[in-house]
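1. turn this into a structure:
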Amino acid sequence: MIGYLMFAFFLKMGLTCIPTQNVDVTTTTTTTANPFPCSVCSKIYNTGCQGYGIPSITNWCTPEADVPVTYTLEEAGYSVGLTFELTEQSCVTTLSCPSGTINWYIIFVGTTEESPGNNLGVLPTTAFCAESGPEAGVWYADIDGHPWPTSQMTCKNT
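-> Just a heads-up that it's a prediction; the model follows:
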């Protein structure tokens, strides 16, 4: 019996891998942000947002990196909403805010006003800015089928 156990022990030892060196495995992940594709139009998201509870629990907005905001360069003829097409190559972004926030825009209607986006800010809202032509560099927000000149978009608490 002892001979059998010793045989089994040495057989097990012979089949077992004995490492001769330690190997450290290092994994590196590289994340690259999408480059801003527009040349005439500037980014429009509110850069002053600091996150939940700042400046107060009842008045705060989501930082751009947490939304996230993406911009694309679209050719003339691209449809914005159901009402119109772009006439120039344009910078386009669609703001879809995270849960607990709604989209707001600073628009110009004779005076500067703050306005919620589509369906009182609940639905995603598209903003666009011509890269050339007479309206180059001017952002518009397509709010409920009407293009409003805008200078800023924000995801604010509800």
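2. going forward, measure contacts between C-alpha atoms and count neighbours the same way
-> Noted.
3. how many residues are close by Glu135?
-> Counted by other C-alpha atoms under 10 Å, the residues lying close to Glu135 total 12.
4. one more: Glu114?
-> 13.
5. pull up the pairing partners for the helix or strand encompassing it, direction included.
-> Taking DSSP states H and E as the definition, one finds Glu114 inside strand 112-116. For strand 112-116, the paired strands and their directions (DSSP bridges) are strand 101-108 (antiparallel).
6. how close does the residue nearest to Gly53 when sequence neighbours are not counted sit to Tyr105?
-> Leaving aside its sequence neighbours, Gly53 sits nearest to Trp60 (C-alpha to C-alpha, 6 or more residues apart in numbering; 5.7 Å). Distance, Trp60 to Tyr105, by C-alpha to C-alpha, to the nearest Å: 15 Å.
7. okay, now the unreliable bits of this structure?
-> Scanning the chain for pLDDT under 70 picks out the ranges 1-34, 80-84.
8. what does the longest strand that it contains rub up against?
-> For the chain, the longest strand by residue count, based on DSSP state E, is strand 146-157. Strand 146-157 is contacted by residues 44-46, 58-62, 67, 83, 95, 97-98, 100-109, 138-142 when judged by C-alpha atoms under 8 Å, 6 or more residues apart in numbering.
9. out of these, which sit inside strands?
-> Applying DSSP E to the contacts of strand 146-157, the entries found in strands are 59-60, 95, 101-108, 139-142.
10. most surrounded residue in the residues you listed?
-> Neighbour counts for the ones in strands among the contacts of strand 146-157 (other C-alpha under 10 Å) peak at Ala141, which has 29 neighbours.
11. dump the residue contacts of that residue.
-> 105, 117, 125-128, 147-150.
12. so what sits opposite it in the bridge?
-> In beta-bridge terms (that is, DSSP bridges), Ala141 pairs with Ala127, Trp148.
13. from Lys156, how far off is it?
-> 16 Å.
14. identify the residues contacting Trp139.
-> 41, 44, 127-130, 149-151.
15. distance-wise, check it relative to Gln50.
-> 23 Å.
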